[in-house]
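**Q** here you go, sequence then predicted model.
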Amino acid sequence: MTCSTTTSVPTRLYYKLVARTWSTASPTTRRSNAPSTSAPDDTRAAARRVHPAGQSQGQGLPRRLGLPEAERPERETILCKDPFQSHDERVEPSSALSERLDPYQGFRAARLLLLLGLAGVFFWLASGRAHRGGCAPLAVGLAAAAALAYPNFGFFHVYYKSPIHWHETFHYFMGAKYLPELGYTRIYEATWVAGREARRLRADPPDARSGHLCAA
Amino acid sequence: MRDLATYAPRDVTTIDAAAVRARFAPRAGRPSSGPARVRPTHTTTGSTSSSTMATNDPPPRALILHLLVRWVPATPRALGS
């Protein structure tokens, strides 16, 4: 999901008014406009309380609204990774499309482009306008691209940083090895029990002399 | 933990560890690989428990694989690590 936050016209006008007020105000006026906890007596009181000149940078205002106008970006795009997260997990905007995409989304996009290319070649051949000599290199190139697309173009499983998908391997090996005991539905509960026993064994290692478990 | 029979989340406190252990009675001729030689290196906990990280083999393929790996000890090397 992509959210767009724009420094709106009223906000810019607000800062221009505040900046003009501070640039024309006398030192006496500035002292009198010092932060106060009392209720505002005019419409500019709230603006004076949060002006960055009287506070550290950004303090009192959300995000970059506390920056001087010259340092504020005209437009800021924020990428919300998950709107349902309890904490704000926003990331800095990026101009490159490849940096915005999840690696697996990038792989899917590349496969989609390959598919579109294949469809184009299909219609090109179907139209009868293709030269026979030009088909062979194209076919070889598409076959190579298709072969590379299956293992994610040589990146395999990006998050595992390995050609092996560990979770699948566990299912395939342990589920097949203990198929009579586990059936199709009991691999998780058996793994949970085995994990608890393994943790208990690590906490109480076997006695080296007797080979039995030490007393807890 | 996901209950694969109903595909619904299941409280792990409802697991009967003794019953699970009883199903793993030593079979004749099966080499014992030891209980703690394979440890899960990637655990599924917390917020990711509801997402599917892997899937079971289809039963026919699991049966074929069972014939291949039933005698292979469950060691980290066998799992590729």
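**A** That came through, no problem. Residues are numbered from 1 along each chain as shown, chains lettered A, B, ... in the order given.
**Q** and the contacts of stretch B:58-69?
**A** Residues outside stretch B:58-69 that contact it (CB atoms under 8 Å, 6 or more residues apart in numbering or on different chains): A:172-173, A:175-177, A:179-180, A:184, B:56-57, B:78. C-beta coordinates here come from the backbone N, C-alpha and C atoms, glycine included.
**Q** let's see that with 7 Å instead.
**A** For stretch B:58-69, contacts defined as CB atoms under 7 Å, 6 or more residues apart in numbering or on different chains pick out A:172-173, A:175-177, A:179, A:184, B:57.
**Q** same thing with stretch A:139-157?
**A** Identification of contacts with stretch A:139-157 by CB under 7 Å, 6+ apart yields A:107, A:110-111, A:114, A:118, A:121, A:162-163, A:165.
**Q** find the nearest non-adjacent residue to B:G80, please.
**A** Of all residues not flanking B:G80 in the chain, A:I164 sits nearest, at 4.5 Å (CB to CB, 6 or more residues apart in numbering or on different chains).
**Q** next, count neighbours for that neighbour.
**A** Other residues within reach of A:I164, judged by other CB atoms under 10 Å in any protein chain shown, total 13.
**Q** among the contacts of stretch A:139-157, which ones are in helices?
**A** Secondary structure from DSSP state H places A:107, A:110-111, A:114, A:118, A:121 of the contacts of stretch A:139-157 in helices.
**Q** and A:V193, how many neighbours?
**A** Residue neighbour count, defined by other CB under 10 Å, stands at 20 for A:V193.
**Q** re the thing from before, okay, the ones in helices among the contacts of stretch A:139-157 in a markdown table with pLDDT and neighbour count next?
**A** Shown next, in a markdown table, are the ones in helices among the contacts of stretch A:139-157 (pLDDT from 0 to 100; neighbours: other CB atoms under 10 Å in any protein chain shown):
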| residue | pLDDT | neighbour count |
| --- | --- | --- |
| A:F107 | 90 | 17 |
| A:A110 | 90 | 15 |
| A:R111 | 91 | 16 |
| A:L114 | 90 | 15 |
| A:L118 | 88 | 13 |
| A:V121 | 86 | 16 |
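**Q** out of those residues, who's nearest B:A22?
**A** A:F107 (44.5 Å; CB to CB).
**Q** so who does that closest one touch?
**A** A:152-153 are the contacts of A:F107 under CB under 7 Å, 6+ apart.
**Q** now do it against A:V158, distance only.
**A** A:F107 sits 8 Å away from A:V158, going by CB to CB, to the nearest Å.
**Q** please identify the residues of chain B in proximity to chain A?
**A** Residues of chain B lying near chain A by CB under 7 Å from any CB of the partner chain: B:1-2, B:4-5, B:12, B:15, B:17, B:20-21, B:23-24, B:35-36, B:39-42, B:53-57, B:59, B:62-63, B:65-66, B:69-70, B:72, B:74, B:78-80.
**Q** alright, calling it a day.
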